[in-house]
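S.K.: With the sequence up front, the predicted model follows.
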Amino acid sequence: MSVRVGYFPHNNSLFVLRHTGILEHRLPDVTWVDLRSLPQGEQPDPRSGLPTVHSDLLFADGGYDVIGTGFTPPITALGAGRDIVYIGVSGPRTENGRLVVRADSPIREVADLRGKRVGIAHGSWQTTLLLFALDQAGLTWSDIEPVNTGGDAAQLFLDGEIDAWTGSYPDLDRVEARTEVHTLVRTEGLFSHPSLWFTRRDFAENHRSELTAIIESLQESDRWITENPRDAARFFVDDAISRGFDASLDAWERALRNRPFGIHPVGPEFLTEQQRAADLLTANGLLPRSVDVHNAVLPWVNDVVSATRTTHA
């Protein structure tokens, strides 16, 4: 069978792996599925629901078997009743993003966000970061007006269409080059913000050798990124330019240098953080049911990830 691997730029590891050819050396029959080319489905109101596109495509004909995302999508999948399992998790990416306002904004702390328009890529790690920040300040999701920023969040922020923004690099580079910002919440100390990878349980159990090949290839490709960040950055810049967007090679190289690469086993600290997010999403009406994230762990997958970390250290 052809193994279908989903990818898009926001998961840097899979995006680079798509362009290096490393996976094909281990698994010649691979179909790469660009998430951006697939139907995204109806986007829910960010005040009352979460998009389920990642889990929908994981279980759909013409979708994919493996995907890598930010922190929130696997929780959304579990909340939708999908039988997914974690593959692995990156180290913390606390330097990658933060919650900001313009420097001249009257908003000086998270408590001031009550009734304000806050931009997020809804359903991503940004939803979790914002929810953690609100909870810490004694606010709930209903106290703000969340805005799903879609394609050009940086421009919405610069134009004053949103009052606050959960920005990430390299988009924050673009903003900081044009205006001063005030940081409401740094990611560090609030949220570990890792990348992660997941799949269907049936794929993991019935295609162990293929999944092992994917894990081994991701480890090798991630090592290549850390050794060649500028070459890796070119993949992102070329992609952006081909789609009609401006992109800076220096900004992308800086962003990649500041991110942790390499896949780790799913451990207790990560699961505790995932469960806290799941509970908060449920309590704030964004998840339709309570979930136990521990059900998405397969011990043998953790063993493979541990073994490949040793091999590719």
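M.R.: Now that the structure is in, tell me what you want to look at.

S.K.: for the record, mean pLDDT for stretch 46-64?
M.R.: When pLDDT is averaged over stretch 46-64, the result is 89.

S.K.: Any buried residues in it, and which?
M.R.: The neighbour-count check on stretch 46-64 (16 or more other C-beta atoms under 10 Å) flags 46, 49-59, 63-64 as buried. C-beta: built from backbone N, CA, C; applies to glycine.

S.K.: Outside of that stretch itself, list whatever touches it.
M.R.: Contact with stretch 46-64 is made by 4-6, 33, 35, 38, 40-41, 43-44, 65, 67, 69, 72-74, 76-77, 79-80, 82, 84, 120, 122-123, 127, 141-142, 145-148, 198-200, 281, 285-287, as judged by C-beta atoms under 8 Å, 6 or more residues apart in numbering.

S.K.: These in strands, which ones?
M.R.: Residues of those located in strands (DSSP state E): 4-6, 33, 67, 69, 84, 120, 145-148, 198-200.

S.K.: re earlier: between the buried residues of stretch 46-64, which sits nearest F132?
M.R.: Nearest to F132 among these is L50, at 15.3 Å by C-beta to C-beta.

S.K.: does that closest one sit in a helix, a strand or a coil?
M.R.: Per DSSP: H, G, I helix; E, B strand; the rest coil, the local secondary structure of L50 is coil.

S.K.: which secondary structure elements does whichever strand or helix holds L172 contact?
M.R.: L172 is part of helix 171-176, with elements assigned from DSSP states H and E. Counting contacts by 3 or more C-beta pairs under 8 Å, 6 or more residues apart in numbering; DSSP states H and E, helix 171-176 is packed against strand 97-102, helix 153-158, helix 249-257.

S.K.: count of neighbours near E220?
M.R.: 18 (other C-beta atoms under 10 Å).

S.K.: give me the number of residues near the closest residue to M1 other than its chain neighbours?
M.R.: What sits nearest to M1 in space, not counting adjacent residues and going by C-beta to C-beta, 6 or more residues apart in numbering, is D29, at 7.2 Å. D29: 9 surrounding residues under other C-beta under 10 Å.

S.K.: Surely I87 is within a helix?
M.R.: No - counting by three-state DSSP, I87 is not part of a helix but strand.

S.K.: Return the residues in contact with the spatially closest residue to it that is not a sequence neighbour.
M.R.: Closest residue in space to I87, ignoring its immediate chain neighbours: W197 at 4.0 Å, by C-beta to C-beta, 6+ apart. Contacts for W197 (C-beta under 8 Å, 6+ apart) come out as 11, 13-14, 66-69, 86-89, 218, 263.

S.K.: remind me, longest helix of this protein?
M.R.: helix 208-227 (DSSP state H).

S.K.: buried residues in the next helix-or-strand element following it?
M.R.: For helix 208-227, the following helix or strand on the C-terminal side (DSSP H and E) is helix 229-242. By neighbour count on 16+ other C-beta under 10 Å, the buried set for helix 229-242 is 229, 232-233, 235-237, 239-240.
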